[in-house]
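[1] would you be able to build a 3D model of this:
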Amino acid sequence: MTKVEIFDPALCCPTGVCGPSVDPELTRVASSIFFIEKKGLDIKRYNLGTEPSMFVENEKVNQLLHEKGTEALPIIMVNGEVVKIGEYPTNAEFATWFGMEEESLKAEKSKNRLDVEFK
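    Next comes the predicted model:
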């Protein structure tokens, strides 16, 4: 079974919706991870700000941080091997690694409309 690990820079939240502006890339990644986890697949995400021990304990991540500094983040590992440095995976890459359709990583738009009347 495929195992994907994402080593994030220090983030106040992994969704990208906190702070003064929304980061659409973080929002896309968080959404993709949600759908992957929902399927019971093995994906983990570590935040440098809250889980620094994970960065120290992983020799490959630790070495990259010593060589390139935090500019190397995010670091993406698949089955223990570094596959991407300094940028997040695309939905196509997630789909390939997990053997799924890329479309399954996109949120479905709700068909139910909610009519709210303000008084």
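
[2] would you check that R28 makes contact with F94?
    No. The criterion here is C-beta atoms under 8 Å, and R28 misses it with F94 at 10.1 Å. (C-beta placed from N, C-alpha, C; glycine too.)

[3] which one's more surrounded, these two?
    Using other C-beta atoms under 10 Å as the criterion, R28 and F94 rank with F94 on top: 23 against 17.

[4] next one, pLDDT for the more buried one please.
    Looking at F94, its pLDDT is 96.

[5] do K109 as well
    On pLDDT, K109 comes in at 50.

[6] quick one: least confident helix or strand in this structure?
    Using mean pLDDT, DSSP states H and E, the weakest-scoring helix or strand in the chain turns out to be helix 24-38, at a mean of 91.

[7] can you give me the angle the following helix or strand past it makes with helix 24-38?
    Moving toward the C-terminus from helix 24-38, the next helix or strand (DSSP states H and E) is strand 42-47. Here strand 42-47 runs at an angle of 140 degrees relative to helix 24-38 (axes from the mean of the first three to the mean of the last three C-alpha atoms, to 10 degrees).

[8] helices and strands around strand 42-47, which ones?
    strand 3-8, helix 24-38 (3 or more C-beta pairs under 8 Å, 6 or more residues apart in numbering; DSSP states H and E).

[9] let's see it at 6 Å
    Counting contacts by 3 or more C-beta pairs under 6 Å, 6 or more residues apart in numbering; DSSP states H and E, strand 42-47 is packed against strand 3-8.

[10] give me the contacts around the strand it packs on.
    42-47, 61, 74-79, 97 (C-beta atoms under 6 Å, 6 or more residues apart in numbering).

[11] what residues are up against the most centrally placed residue in the chain?
    Using C-alpha atoms, centre = their mean, the residue of the chain that lies closest to the mean C-alpha position is V29, 4.5 Å off. V29 sits next to Y88 when contact means C-beta under 6 Å, 6+ apart.

[12] from here on, call the first residue 140.
    Yes, from this point I'll number from 140; that puts the last item at V168.
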